[in-house]
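K.L.:
A predicted structure for the sequence below; I have some questions about it.
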Amino acid sequence: MDKPDEKVSIRLLADLLTHLSRRGFIAHDFIKMGWHSVSLGANAPLSMHFKGLSQMGVFEKLIDEVAHVYEENFDYRIVKATSRSIQVRSTLKASKTEDFKTNKVDNLFVSYYRQGVFAAHLKHAGYPIANSTFLSSIHLGHDTEDFSLSW
């Protein structure tokens, strides 16, 4: 790839993960793929933004300050929180709904992958990967796209 910072269509990721599902990959495999998005852990350049933060602090910073830099299609928010867990909701940005003429620009496999990416961000602050639980998906007929993370 000549331009490593070039943007990639979310449909490419959806197609790739669909192909892997046809080859036997299951939900947990896609979540584990997301874990590798931070494979450098606390030594990655992005980690400087998370050093010294609590687990909750990592997720708040990720959602409030970092995710929009890497993610053009979805907004994220914490809809429920306890001292040891959060529930995250992802929604397609309104402008993208208009661009794509649908609210389903990805697929269930991308939802699992995204869940793993979020769970792995604790590694940037030196913590183990969060436990993640799938809660709902528009791809399964639910009204929302939610997952929970606990530590």
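P.N.:
Yep, that arrived. Residues are numbered from 1 along each chain as shown.
K.L.:
just how off-centre is stretch 134-142 within its chain?
P.N.:
On the basis of C-alpha atoms, centre = their mean, to the nearest Å, stretch 134-142 is displaced by 15 Å from the centre of the chain it belongs to.
K.L.:
Endpoints of it, how far apart?
P.N.:
Chord length of stretch 134-142, first to last residue, is 12 Å (C-alpha to C-alpha, to the nearest Å).
K.L.:
Next: stretch 138-150.
P.N.:
22 Å.
K.L.:
what comes up buried for that stretch?
P.N.:
Taking 16 or more other C-beta atoms under 10 Å as the neighbour-count basis, stretch 138-150 is seen to contain the buried residues 138, 145-149. The C-beta positions use only the backbone N, C-alpha and C, and glycine is treated the same way.
K.L.:
how many neighbours does residue 9 have?
P.N.:
Counted with other C-beta atoms under 10 Å, the neighbours of residue 9 add up to 10.
K.L.:
Note down every partner strand of the helix or strand where residue 149 lies and its orientation.
P.N.:
Element membership for residue 149 (DSSP states H and E) is strand 146-150. In the sheet containing strand 146-150, the strands it pairs with under DSSP bridges are strand 85-92 (antiparallel), strand 131-136 (antiparallel).
K.L.:
Show the pLDDT at the residue most central in space within the chain.
P.N.:
To find the centre residue of the chain, average its C-alpha atoms and take the closest one (C-alpha atoms, centre = their mean): that gives residue 114, at 2.7 Å. Per-residue pLDDT puts residue 114 at 92.
K.L.:
OK, contacts around it?
P.N.:
Listed by C-beta atoms under 8 Å, 6 or more residues apart in numbering, the contact partners of residue 114 are 34, 74, 90.
K.L.:
Look up how far residue 122 lies from the last one.
P.N.:
Note on residue 90: its distance to residue 122, by C-beta to C-beta, to the nearest Å, is 18 Å.
K.L.:
Kindly report the same for residue 22.
P.N.:
Taken as C-beta to C-beta, the spacing of residue 22 relative to residue 122 amounts to 31 Å.
K.L.:
quick one, which of those two is more surrounded?
P.N.:
It is residue 122, of residue 22 and residue 122, that has more neighbours when counted by other C-beta under 10 Å, with 22 against 8.
K.L.:
just to revisit the earlier point, any chance of the buried residues of stretch 138-150 in a markdown table, plus pLDDT and distance to residue 81?
P.N.:
Listed next are the buried residues of stretch 138-150 as a markdown table, based on pLDDT from 0 to 100; distance: C-beta to C-beta, whole Å:
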| residue | pLDDT | distance to residue 81 |
| --- | --- | --- |
| 138 | 85 | 23 |
| 145 | 90 | 18 |
| 146 | 96 | 13 |
| 147 | 97 | 14 |
| 148 | 98 | 10 |
| 149 | 98 | 10 |
